[in-house]
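**Q** please work out how this folds:
(one chain, ligands or ions: 1)
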Amino acid sequence: MADNCIFCKIAHKEIPANLVYEDDQVVAFKDLEPQAPVHVLVIPKKHVESLLALQPEDKELTAHILCEVVPQLARELGVAADGFRGVANTGEAGGQSVKHLHFHILGGRSMQWPPG
Ligand code: AMP
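**A** Numbers count the residues shown, from 1 in each chain. Model (predicted):
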């Protein structure tokens, strides 16, 4: 757990969040400022700063998130059939505001490309 990391605090239940999924490695919760009718963040409980900080030993965790949790949540949240956007903003120019790896699931409306 990293000092002063808001997502570590959510993962360890030190601050509240609207959780929609939890297992031993991952939590998912509703975004505080939703940008779509469905907007959920999926995070590892372990502190990883961003995609760039992932290490070879994180392969299993990353596969769990992308191969299992994200598709399961997309189905449960009702956005799998119509489609959704999965995003991991990375670094300053990538628009990452919270320095704890998170995957946005955005759906329930038509998404534009390229994003702003
Ligand atoms: P990013 O800009 O990609 O780093 O995304 C960070 C996201 O975290 C933003 O969409 C914020 O609205 C969201 N966020 C920040 N703090 C909280 C919180 N306490 N609970 C839920 N979502 C949060």
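**Q** write out the residues of the chain neighbouring the ligand.
**A** For the chain, the residues in contact with the ligand (Cβ under 6 Å from any ligand atom) are 6, 17, 29, 31, 32, 33, 41, 89, 95, 96, 97, 98. C-beta here means a position set from N, CA and C on the backbone, and glycine is covered the same way.
**Q** switch the cut-off to 5 Å
**A** 17, 31, 32, 33, 89, 96, 97, 98 (Cβ under 5 Å from any ligand atom).
**Q** count the residues that sit near the fourth one.
**A** Number of residues near residue 33 (other Cβ atoms under 10 Å) recorded here: 5.
**Q** the residue nearest to residue 16 when sequence neighbours are not counted in helix, strand or coil?
**A** Nearest non-adjacent residue to residue 16, counting by Cβ to Cβ, 6 or more residues apart in numbering: residue 10, 7.9 Å away. When classified by DSSP: H, G, I helix; E, B strand; the rest coil, residue 10 comes out as helix.
**Q** list buried residues within the residues of the chain next to the ligand.
**A** Among these, those classed as buried by 16 or more other Cβ atoms under 10 Å are 17, 31, 89, 96.
**Q** ok, the second one - contacts?
**A** Think residue 31. Residue 31 is in contact with 39, 40, 41, 104, counting by Cβ atoms under 8 Å, 6 or more residues apart in numbering.
**Q** at 10 Å instead, please
**A** 17, 18, 38, 39, 40, 41, 102, 104, 105, 106 (Cβ atoms under 10 Å, 6 or more residues apart in numbering).
**Q** now do the last one
**A** With contacts defined as Cβ under 10 Å, 6+ apart, residue 96 is in contact with 49, 50, 51, 52, 88, 89, 90, 102.
**Q** which stretches of the protein have low pLDDT?
**A** In the predicted model, the chain carries pLDDT under 70 at residues 116.
**Q** return the distance of residue 47 relative to the ligand.
**A** 14 Å (Cβ to the nearest ligand atom, to the nearest Å).
**Q** any idea how far that residue is from residue 107?
**A** 27 Å (Cβ to Cβ, to the nearest Å).
**Q** more neighbours: the two, which one.
**A** residue 107 (22 against 17).
**Q** residues in contact with the spatially closest residue to residue 12 that is not a sequence neighbour?
**A** Excluding the flanking residues, the one nearest residue 12 by Cβ to Cβ, 6+ apart is residue 1, at 6.0 Å. Residues near residue 1 by Cβ under 10 Å, 6+ apart: 8, 9, 11, 12, 14, 45, 46, 47.
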